[in-house]
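A.B. asks: let's see this in three dimensions:
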Amino acid sequence: MVSAGGTGRPEKRKAISRAATAVFGREGYVRASMDAIAAEAGVSKRTVYNHFADKETLFLTVALQDSAELAQAISRLTAKHLGRVVDLRQGLVDFAVERALAVLATGERGALGRAIRAEVANIPADVLEAWLEAGPEAVQRDLAGHLAALAGRGLLTVGEPALAAEQFTLLTFHGVAERSFWGALPVAEEEVRRIAGEGVDAFLRLYGV
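C.D. replies: Now for the predicted structure:
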């Protein structure tokens with residue numbers, strides 16, 4: 001796996017990272033150039049290379065940061081709604097709604113994730129693996145743990161927590177993600193709640209006690 005390390009002044013590195021996130025999100029991995037990133041950051045290309053060895057390393061750095069930040073936000077929502085459930089259905093619906101709204105709220109910040117999904121065949125395999133591990137897979141593992149805990153309390157019947165988490169996401173989230181093109185277009189909150197509610201009801205028919 002490539003390293004995301006680098007040297008140089010922290011404020012310059014942050015400016016380059018912000019610029020790279022914008023350029024990669026706008027242009028995609030293949031079309032984005034180190035010249036364009038340097039111009040966006042207001043620094044020389046030499047300065048970019050002082051901080052990041054090559055385009056792949058820079059892309060990995062900003063992709064991991066972007067993915068991890070969203071995963072951490074969703075992890076907090078998972079703990080908030082599923083950590084101390086009183087009303088199981090309501091807790092699941094509230095979590096599903098807030099997770100979907102969090103993705104919709106990424107707007108321009110979510111452009112990098114959309115670029116990765118659109119250009120997946122062109123992303124270096126180790127970069128894609130690291131991005132998935134830091135974001136989507138981390139979210140699913142966290143959700144699986146909470147569903148297993150709910151099963152341990154006798155609130156769900158879950159044989160394979162990872163499969164249950166995958167099915168919960170498919171039923172309650174992917175409809176919103178696809179309609180919004182992963183946060184690029186708005187979806188009415190009423191529609192988000194409808195999808196979440198119907199998805200949770202289907203999930204409970206599968207896993208309810």
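A.B. asks: every contact and neighbour count from this point should use C-alpha atoms.
C.D. replies: Will do.
A.B. asks: what sits up against stretch 12-28?
C.D. replies: 32, 36-38, 40-41, 48, 51, 58-59, 61-63, 110-116, 119 (CA atoms under 8 Å, 6 or more residues apart in numbering).
A.B. asks: oops, could you answer that again for stretch 190-206 instead?
C.D. replies: 89, 92-93, 96-97, 100-101, 156, 167-168, 171-173, 175-176.
A.B. asks: before we move on, the earlier item: list only those of the contacts of stretch 12-28 flagged as buried.
C.D. replies: 32, 36-38, 40-41, 48, 51, 58-59, 61-63, 110-116 (16 or more other CA atoms under 10 Å).
A.B. asks: next step: these restricted to strands.
C.D. replies: The members of the buried ones among the contacts of stretch 12-28 all map outside strands under DSSP state E.
A.B. asks: now, which of those residues lie within helices?
C.D. replies: Among these, the residues falling in helices (DSSP state H) are 36-38, 40-41, 48, 51, 58-59, 61-63, 111-116.
A.B. asks: pull the contacting residues for the residue nearest to residue 145 when sequence neighbours are not counted.
C.D. replies: Closest residue to residue 145 apart from its sequence neighbours, by CA to CA, 6 or more residues apart in numbering: residue 161 at 6.9 Å. Contacts for residue 161 (CA under 8 Å, 6+ apart) come out as 144, 145, 147, 148.
A.B. asks: how near is residue 109 to residue 188?
C.D. replies: 19 Å (CA to CA, to the nearest Å).
A.B. asks: quick one: which of these two has more around it?
C.D. replies: Neighbours were counted for residue 109 and for residue 188 using other CA atoms under 10 Å; residue 109 has more, 17 against 11.
A.B. asks: residues in contact with the more buried one?
C.D. replies: For residue 109, the contacting residues are residue 66, by CA under 8 Å, 6+ apart.
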